[in-house]
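> Pasted the sequence and its predicted model underneath.
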Amino acid sequence: MVQIMSVRVRLVLCADFREIVGKRQIVEEINSNSTLKHVLDMLAKKYRGDFEQIVDPRTGVISLEFLVSINGRVIRDTNVKLNNDDILMITIPAGGG
Amino acid sequence: MKSHAPTARLNIAFRGLALTSLRSVGWQGIVDETMVWKRKAAYVDLTTGKIAAKPIPGEVRQLFLGGRGIDMHLLYNHVKPEVDPLSPENVLFIGTGLLCGIPALGSGRCDIAAKSPITGGVGDSNVGGFFAPELRLAGFDHLAISGKAEKPVYLWINDGNVEIRNASHLWGKDTFETQDMIRDDNEDEEVKSLVIGVAGEHLVRFANIMTGMKNSAGRTGMGCVMGSKNLKAIAARGTTDIEFSYPEELLDYCKEMNEMVMKTRWARAQSRWGSLIIYSNTNTTGLIRTRNFQLNRLDEGEDLEPENMDRYTIGMSGCYGCTVHCRHRYVLREGPYAPIFGEGPEYTSLGAFGTMLDCKKMETILVANHMVNKYGLDTLETGGLIAWAMELYEKGIIDEKDTAGLKIEWGDERVLFELITQIAHRRGFGNLLANGFKPAIAKIGKGSEYYAIHVKGMSNLHSDERPTPSLALGIATSTRGADHLRSRPAIDLYGLPEELLQEIYGAPVSSDYTSYEGKSRMVWWQELLYTVTDSLGICKYQTVFCAVHAPKWEEFSKLIKLATGMEFTKAQLMEVGERIYTTERMFNLRGGFSRKDDTLPERYFKEPTPVGLPIAKGKKIDKEKFEKMLSEYYALHGWDENGLPKKEMLEKLGLDKEPSYMV
């Protein structure tokens, strides 16, 4: 029998996403086999709005209008597996000064 | 470029350009007789009181566009290497951009240049607001101000006339009062002014020039140069016309440009939160210097998050020709420093008075922001020097004997406010800081230089570039000292697809912002883009700075054509950028700068970042890779290993016949 473990990821929300959720950070407990796609789908279903637009339906990867990083590394392909204590930042492209 | 018969003559004021060099770059003539060829420059000698208005030669337009480009051409040709920045021989140049006045892309920006009293090299600062269009409406595109007035004066520019007026009653007034009084004096609410505050009067080396409540030409000490000339203000009011070549088509295209900008998330976020929005991303990751340079993230800094500005904001405002409106208008109604009405702060001021000093309250930032705007001080230099002093105090390199009894401790807002006041009035310990990094280091000694985060004598903003080689290279190579606005490839932080990066930059570039691969190209490309942006007089925030799908070369070309009739291909515009940037490089080389100055503070190479997300933690700049990147960058510019422009590049740019006091 395969035991399904869970992992905890911290979501840091910035810009519009912070306003939609009303929080700067949330912690989600997810299946250990979960990918970024699973988490984004879950958020889209729960919060709708801009969360539904993060993945570009034409390309299947994260839209250039948004910026999603895992532990600081910017991610475009959503088929990346998430690990315990990962920090997932969901924001818009804004940087530099 | 389109060929027509030349109709203008070289003007003696624009010396240094030989027709042979113009022909060598493919220039053959002037396009037509529309607006751009009728514009004038005013030459004002404050010592003699002599004023001359002269046309701007078409050849100069073709080669340098306007704004920063023409300012740099004039600076190179009018200010020799031996000139003391605070002497009457230094010349202050004010320039409107080539596109100044179009209803798009924040086209009201004004470029201000002189030899810098901070670095001794290129002094140049770019300011938004409404002054530049007013100056254009008043009949002038450029001003060149030399000499020194015996008593305080201000320039009054109105419908083709320039007048030197008494400003004794304005001396000692802050920047807001000065602007109000000039409007009152002229009984005209529409007068727009560039002014200095008490900091400029006291020759604080990093005094800024203000216009409006918040817009400041902050960097490189241009307000100090104004003060050295006893020039309190430059006021403009105009009712003349600005003509465009294809007005109807231009209007349609401006609408298209504004829509293009507002489609970007970046612009819409700016409209909501201003540049403070950047803080959430960079502080989360660990890209912000804190406690001067000891940490790269501010913990417990939640009060500085952009949504907290909602407590104070009464609305957003913008500059001329802007649809974004990124500027908070704020009110402090309560507390020991109330009431305050101010504008801003920028993300950079949040760093200068917040993260770098370990101050964690938004109110502290708002008060400090208001103070420096009122006194006329550059926020970045002020914050950078105070952060440095706090670290020196912590490490025992300076103590209360040096600071006249002031305990300069982290996070103490009273110390921050006191030091801002001291610097602006050159009192106490602030008098030492008012001289800027180089003289203060020389005075303090005791290894204090190691802790100073500056390049070429100018303070860096609060970003920590150790995890981001492209951003690090940019502050090292900037012609005006540590600075993000000369080249910062902010889109490097977005992890864009490499195919897209190659399309933009024309060669392979790594999408990993911690990589060194292709980053020299990014910096070179952005330098050219921003140089042209500043010469057109439009806002960088509405170009490929922070938004990848914002206007760039192709859009610039079309706007220039519709506004002026001049035609440039993308390659030709990039060459204009190269010409202007190389002119700046030559100015610095002539003044003694070399490859050794294109570097970073030692700590970037020695101390790894202590905190942050895994990608940003434990990072420092690899010296060997940095030097390789620097050499690649020189090669892209057509400069040799020492950073000297090669003969063939100078010939290509038409700069080989420039004045003999070249390096």
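Right, received. Where do you want to start? Numbering: from 1, shown residues only, chains lettered A, B, ... in the order given.

> what about residue B:360, how many residues close to it?
For residue B:360, the count of nearby residues is 18 (other CB atoms under 10 Å in any protein chain shown). Quick note: C-beta positions are derived from backbone N, CA and C, even for glycine.

> Low-confidence ranges, the chain, go.
I went with chain A, as the question did not name one. Counting by pLDDT under 70, chain A shows low-confidence ranges at A:1-4.

> you looked at the wrong chain, it should be chain B
Checking chain B against pLDDT under 70 turns up B:1-35, B:658-663.

> Residues contacting the lengthiest helix in chain A, please?
In chain A, with assignment by DSSP state H, the single longest helix is helix A:36-47. Helix A:36-47 is touched from outside by A:9, A:11, A:20-21, A:28, A:30-31, A:51-52, A:54-55, A:68, A:70, A:75, A:78-80, A:82, A:88, A:90, with contacts defined as CB atoms under 8 Å, 6 or more residues apart in numbering or on different chains.

> what's residue B:114 in contact with, if anything?
Applying CB under 8 Å, 6+ apart, the residues contacting residue B:114 are B:75, B:79, B:85, B:90, B:91, B:92, B:93, B:123, B:222, B:225.

> is it in a bridge, and if so with what?
residue B:123 (DSSP bridges).

> Mark which of the contacts of helix A:36-47 are buried, thanks.
Neighbour-count burial (16 or more other CB atoms under 10 Å in any protein chain shown) is assigned, among these, to A:9, A:11, A:20-21, A:28, A:30, A:51, A:54-55, A:68, A:70, A:75, A:78, A:82, A:88, A:90.

> Out of these, the closest to chain B would be?
residue A:75 (7.1 Å; CB to the nearest CB).

> Apart from its chain neighbours, what residue comes closest to that closest one?
residue A:68 (5.3 Å; CB to CB, 6 or more residues apart in numbering or on different chains).

> Then residue B:569?
Residue nearest to residue B:569 in three dimensions, not counting chain neighbours: residue B:557, with 6.8 Å by CB to CB, 6+ apart.

> quick one: the one you found and residue B:571 touch, right?
No - Residue B:557 is beyond contact range of residue B:571, at 10.2 Å (criterion: CB atoms under 8 Å).

> who's more crowded, the two?
Using other CB under 10 Å as the criterion, residue B:557 and residue B:571 rank with residue B:557 on top: 17 against 8.

> Could you say which helix or strand holds that one?
Using DSSP states H and E, residue B:557 sits within helix B:553-564.

> buried sites along the next helix or strand after that helix?
The element immediately downstream of helix B:553-564 (helix or strand, assigned by DSSP H and E) is helix B:570-590. Neighbour-count burial for helix B:570-590, with 16+ other CB under 10 Å as criterion, is recorded at B:572-590.

> just stretch A:18-37 next, same as before
A:18, A:20, A:21, A:24, A:28, A:30, A:34, A:35, A:36, A:37.

> Now do the end-to-end distance for that stretch.
Taking CA to CA, to the nearest Å, stretch A:18-37 runs 20 Å from one end to the other.

> ditto for stretch B:130-142
15 Å.

> for stretch B:512-523, same thing?
Using CA to CA, the end-to-end distance of stretch B:512-523 comes to 15 Å.

> And the contacts of that stretch?
Stretch B:512-523 has contacts (CB under 8 Å, 6+ apart) with A:73-74, B:467-470, B:473-474, B:477, B:487, B:489, B:492-493, B:495, B:501, B:505-510, B:615, B:619, B:622, B:625-626, B:628-630, B:632-633, B:636.

> cool, and stretch A:72-80?
Outside stretch A:72-80, the residues within contact range by CB under 8 Å, 6+ apart are A:35-37, A:40, A:55, A:60-62, A:67-70, A:87, A:89, B:285-286, B:493-495, B:497, B:511-513, B:612-616.

> Swap in 7 Å and give it another go.
Residues outside stretch A:72-80 that contact it (CB atoms under 7 Å, 6 or more residues apart in numbering or on different chains): A:35-37, A:40, A:55, A:61-62, A:67-70, B:285, B:494-495, B:497, B:613-616.
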